[in-house]
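**Q** Predicted coordinates and the sequence they were generated for:
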Amino acid sequence: MLKAKIILVAMGVALLAPQVLAGATPEEDRKETVEYFKQMFPEVPLKDFVNGQYALNEDRRAQWQSLQDFPPYEFAVAEGKEMFEAPFANGKTYGSCFENGGIGVRQNYPYFDEGTKQVITLELAINQCREANGEKPLKYKKGDIASISAYMATTSEGEAFDIKVPDDPKALAAYEDGKQFYYSRRGQLNFSCASCHVQNPGKWIRADLLSPTLGQPSSFPVHRSKWGELGTLHRRFAGCNKNVRAEPLPAQSEEYRNLEYFLTYMSNGLPVVGPSTRP
Amino acid sequence: MRKGLIYVCLTTLALGVAPVVLAGPSQADIDRGKELVFSRKDGNCLACHKMDDGKLTGTIGPELADMNTRYPDRGILFKRIWDETQFNPQTVMPPFGRHSILSKDQINRVIDYLYTL
């Protein structure tokens, strides 16, 4: 057993999958990505990519739309709003930690913090806010943090993602690290994120329809029927890692934050539509 | 097992062929192969390939059919399942042998089954 684990770790990140992105800058990468998926799905309007698999298949889309009258995350969003507005023990609220009181800011996350030289995701910022105000941090994959993040997303509905890679070698390194993660094969089954979401979107893997890279983070947090509740983007990352029998990383680890940085940069210009539902 | 071997030797003799160690697969071998191909935790080949009476099959790989005609050389088929990245570095098909997802024996049973398609 132990031996098997060691072998798996050794096989971990050995091979680079096809480097579809050869752009010299993040902006060139993004343009290449947009072009690539436009060519792959010429009939899909650019904005629709935020709907993931539903942008690619009419039957799936119809099923999904029929569920939209009573979205299963409504209650969680209302709870998220309540928590967001409730004062901490010291009398301050979440709003005090964010620009514009935290309303309509989702599209700017994650960002590179030039002070601490790291990528700050919305969920990390929520917990940093709690800790700065003497509260215990929340668990990262589901529950309260997903509800608060979902509420904050609703206040940015329709706003275009505007992720920046500032002129700082550390920022570019964080972006490159995320990109490298997305294109590196890992796990016993030897897949990169790109194997599924760049090479094969629109195809079925058993009964699952694969979504494209473009727009992937826009709907998060999502309510999956499989989960029966809301989950954060990093919960999804961990799930996709596990599916290929790779060791999942902790939510909000540096690797996953850099991955989110790259992935969200690719969706710049596309609207925030979270939360949403997924199978 | 022993009984099976004796049986195989007898049939080869009866057919007048020089007794060789290699014999065709038994029905049990073929059944085992199908089990490995269909099971989600072993081959899970249906995740990507349509074949036989498989349900909910994926569309990432080509349909597997006509294997006898298309793969007269069993060795080639073995190598592709062992590690398809040797033939196509960009493939998404998992390297079943190289990454110890299936053992040599298991791959051989998978092939016994594939040759019935």
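**A** Received the coordinates, thanks. Numbers count the residues shown, from 1 in each chain, chains lettered A, B, ... in the order given.

**Q** Contacts for the host helix or strand of residue A:196 next, please.
**A** Using DSSP states H and E, residue A:196 sits within helix A:193-197. Residues outside helix A:193-197 that contact it (CB atoms under 8 Å, 6 or more residues apart in numbering or on different chains) are A:17-18, A:20, A:181-183, A:185, A:205, A:210-213, A:216, A:240, A:259, B:92. The C-beta positions use only the backbone N, C-alpha and C, and glycine is treated the same way.

**Q** For these, which entry has the maximal number of neighbours?
**A** Among those, residue A:259 has the most neighbours (other CB atoms under 10 Å in any protein chain shown), with 26 neighbours.

**Q** ok, residue A:206 - contacts?
**A** Residues near residue A:206 by CB under 8 Å, 6+ apart: B:40, B:44, B:46, B:47, B:56, B:57, B:58.

**Q** what residues are up against the closest residue to it other than its chain neighbours?
**A** Nearest non-adjacent residue to residue A:206, counting by CB to CB, 6 or more residues apart in numbering or on different chains: residue B:47, 4.6 Å away. By CB under 8 Å, 6+ apart, residue B:47 lies in contact with A:205, A:206, B:40, B:57, B:58, B:60.

**Q** sorry, back to before: any chance of the contacts of residue A:206 in TSV with secondary structure and distance to residue A:149 as columns?
**A** Converted to TSV, those look like this (DSSP: H, G, I helix; E, B strand; the rest coil; distance: CB to CB, whole Å):
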residue	secondary structure	distance to residue A:149
B:40	coil	32
B:44	coil	33
B:46	helix	36
B:47	helix	32
B:56	coil	33
B:57	coil	36
B:58	coil	32
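
**Q** Residue A:78: which of these is nearest?
**A** Ranked by distance to residue A:78 (CB to CB), the contacts of residue A:206 are led by residue B:56 at 36.7 Å.

**Q** hmm, back to that, sort out for me which of the contacts of helix A:193-197 are in helices.
**A** Using DSSP state H, the members of the contacts of helix A:193-197 that fall in helices are A:181, A:182, A:183, A:240, A:259.

**Q** Which two among these are spaced furthest apart?
**A** A:183 and A:240 (13.9 Å).

**Q** Give me the pLDDT value at the closest residue to residue A:254 other than its chain neighbours.
**A** Closest residue to residue A:254 apart from its sequence neighbours, by CB to CB, 6+ apart: residue A:118 at 7.0 Å. pLDDT recorded at residue A:118 is 98.

**Q** So in terms of bridging, what pairs with residue A:118?
**A** Counting by DSSP bridges, residue A:118 forms beta bridges with residue A:113.

**Q** Quick check: what element follows the helix-or-strand element of chain B with minimal mean pLDDT along the chain?
**A** Ranking every helix and strand in chain B by mean pLDDT, DSSP states H and E puts helix B:2-14 at the bottom, with a mean of 41. Remark: after helix B:2-14, the chain's next helix or strand is helix B:27-38, criterion DSSP H and E.

**Q** rewinding a little: I'd like the mean pLDDT over the helix holding residue A:196, please.
**A** Rounded mean pLDDT across helix A:193-197 is 97.

**Q** do the same with stretch B:66-78
**A** Stretch B:66-78 shows a mean pLDDT of 96.

**Q** Compute the first-to-last residue distance for it.
**A** Distance across stretch B:66-78, first residue to last, is 16 Å (CA to CA, to the nearest Å).
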